[in-house]
Structure formats: structure tokens, C-alpha cells
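Q: give the three-dimensional model of this entry:
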Amino acid sequence: MPMHLLLATIALRPYVFIFLAAFLFISIVNFGLRTTMLFTALTYAVSLGCEWSSIHNGFPFGLYHYAPATRGRELWIAGVPFMDSLSFTFLGFASYTVALLAASPLYRRGLDLRILDTRKIRRAPRVWIMAALFMVMIDMVVDPLSVRGDRWFLGRIFWYDPPGPHFGVPISNYLGWFFVAAIAVAIFQTLDARLNRGRARPRGARPLFPSRALLGPALYLGIVSFGVTMLFVIGAAEIAWAGVFIYLPMLALMLHTVTRPESYGDAGAIARHLADFPYDAPAFADATRNEIESRRAAVPRD
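A: A predicted model of the protein is given here:
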């Protein structure tokens with residue numbers, strides 16, 4: 001990988017690498033270094049393969065072409081801009097964390113909000129499907145913005161052949177995104193289940209980091225907000241409002257989830273969480289210790 005082209009790519013696409021850096025930090029804090037780095041490498045490889053396939057035969061995103069304007073100014077791999085395939089890593093991760101938040105009991109101590117996930121929840125099919133759909137929802141904002149790259153600092157980097165019915169984006173693109181998202185989330189679930197199966201804290205994880213489980217959903221919201229804001233900035237208000245109305249129900253549902261008392265787990269939910277992730281115990285120091293211990297002893301292991 002030519003270092004000067006990598007540095008040029010970072011300078012040309014700083015917003016991509018800001019999101020990437022945020023993803024790496026959030027993933028390591030929550031899931032550890034090994035899972036994060038392997039997920040990044042494997043998901044990038046899958047995404048690159050799918051993009052290479054699409055520009056040659058139209059599968060899975062539909063046929064599109066990259067404009068060669070930035071060749072020599074940023075890093076390209078196998079005919080695909082490096083930053084393009086790299087984006088799937090943090091988009092898939094952020095979508096997975098939103099699905100985990102939606103599927104798990106919650107715990108709050110003051111402003112410190114946590115999820116009481118378990119290994120079973122983390123690898124649940126419903127989390128997998130929700131995460132893939134949440135990633136497609138991101139693309140319903142990002143792709144209409146990207147095909148208008150000549151109107152903002154992205155530049156005209158690609159075009160669909162032919163343009164599709166959703167603000168120039170073909171429906172096949174969203175089907176392809178679901179396909180890739182499902183693979184990416186499955187990769188993360190598998191890595192997390194196999195690499196973090198022991199009782200020891202994963203290297204790099206920070207259990208006492210306040211509200212660490214909310215960092216991923218915050219990244220998701222930041223990506224969506226960036227896309228919607230840029231659509232308004234370039235004068236594509238009809239697409240921006242479509243994005244707003246796509247996300248309003250989801251935002252209302254998430255606010256409902258975190259504000260209703262029924263979403264918060266009891267001592268049994270804490271015990272089930274600690275049975276799988278005992279290194280999280282210091283974060284629950286104010287829970288009734290004897291009750292947690294008695295519940296934990298009664299919880300069967302997966």
C-alpha cells in the first residue's frame with residue numbers, strides 16, 4: 001500500500017477517517033482489540049470484493065462505474081477507491097450497536113446508561129436482521145447524497161448505469177447493501193462469540209467507560225446527521241426531508257425505549273449479563289450485591 005497515496009486519501013476524505021477513528025475507538029472500548037481489527041480487515045475484504053463484482057457485472061449493488069478523476073490523488077484498490085469499501089466497516093458496526101440497544105435490557109446509574117446484553121443476545125438472529133436493515137437505512141440517505149458528489153466536497157466519483165428510481169439510486173443497490181450488511185454483521189457476531197468467549201476482559205475493552213454502549217448508536221446518529229445536513233446544504237431538500245421522515249419513527253422508538261421503566265432490567269438481568277461478562281462487575285457496584293450473587297448462581301451458562 002503506497003504510503004503517500006494513503007496519506008493523500010486521508011487528506012482528501014477526512015470525514016471518512018474521522019468516522020473510522022471513532023468506530024475503532026468505540027469498538028475496542030466495547031469489544032476489544034482483536035475482534036475490532038479482524039472485523040475491519042474481513043469486512044473490508046468482503047466489501048471490496050462486492051464492489052469489484054458490481055463494477056464488472058452488476059452484482060450485488062447493480063452496475064455502476066467509478067470516475068477516474070481521483071486516480072493518483074487517493075488510494076485505489078482493484079479499481080475501487082480505498083475509502084469507499086472502508087466505509088462499510090464503521091457503517092456495519094454502528095448498525096449492530098443500534099440493534100443491540102434495541103434488543104437488550106437497560107441499566108442506568110445517574111447519567112451512565114448501559115445495556116444488559118448477553119452472549120445469546122449478541123448473536124441473536126433478530127439482532128442480525130435489525131442491524132442489516134439499519135445499515136440499509138443509512139444508505140437510503142448516503143447513496144442519494146453520494147451520486148450528487150459533484151455538488152459538494154466528495155466530488156463526482158461514480159455513477160449508476162442506468163440511474164435508478166430512488167433519487168437516482170437503483171433498488172438493486174439497497175438489496176446489495178442488505179446482502180453485504182448481513183455478511184458484515186455475521187462476521188462481527190462470529191468473531192465476538194469466538195474471540196471473547198472467556199471470562200477475561202478483552203484486550204482494550206474499558207468496562208468502566210461511562211455509557212460505552214451508547215457510543216456506537218451515537219456514531220450511527222452522527223453519520224445519518226452528516227448525510228441529512230449535507231443534503232440540505234447542497235439544496236437537495238426533498239431528499240433530505242425524505243431522510244428525516246425515514247428516521248423520525250426510528251428515533252421516536254429509541255427514545256421510547258430508553259425512557260420507559262419497563263426497558264430497565266432487574267437484578268436477574270444484571271446477573272445474566274455478569275454471568276457472561278464478569279469483568280463488567282465494577283460498573284454495577286451500586287446494585288444489591290447479595291441479590292446479584294444469588295441470581296447469578298441460578299443462571300445457567302450458554
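Q: okay, buried residues for whichever strand or helix holds Ile270 please.
A: With elements delineated by DSSP states H and E, Ile270 resides in helix 267-276, which encompasses its position. Taking 16 or more other C-beta atoms under 10 Å as the neighbour-count basis, helix 267-276 is seen to contain the buried residues Ala267, Gly268, Ala269, Ile270, Ala271, Arg272, His273, Leu274, Ala275, Asp276. (Glycine included, C-beta is placed from N, CA and C.)
Q: for stretch 56-74, same thing?
A: So, applying 16+ other C-beta under 10 Å, buried residues of stretch 56-74: Pro60, Phe61, Gly62, Tyr64, Tyr66, Thr70, Glu74.
Q: from those, which shows the smallest pLDDT?
A: Ranked by pLDDT, the buried residues of stretch 56-74 bottom out at Thr70, which scores 89.
Q: quick check: Asp84 vs Ile171, distance?
A: 20 Å (C-beta to C-beta, to the nearest Å).
Q: so the two - more neighbours on which side?
A: For Asp84 versus Ile171, neighbours defined as other C-beta atoms under 10 Å are more numerous around Asp84 (20 against 11).
Q: who touches that one in this structure?
A: Glu51, Ile157 (C-beta atoms under 8 Å, 6 or more residues apart in numbering).
Q: okay, and it sits in which element?
A: Of the helices and strands defined by DSSP H and E, Asp84 is found in helix 82-103.
Q: repeat for Ala132
A: Of the helices and strands defined by DSSP H and E, Ala132 is found in helix 125-146.
Q: just how off-centre is that helix within its chain?
A: Offset of helix 125-146 from its chain centre (C-alpha atoms, centre = their mean, to the nearest Å): 9 Å.
Q: nearest residue to Asn196 other than its sequence neighbours?
A: Leaving aside its sequence neighbours, Asn196 sits nearest to Pro202 (C-beta to C-beta, 6 or more residues apart in numbering; 5.0 Å).
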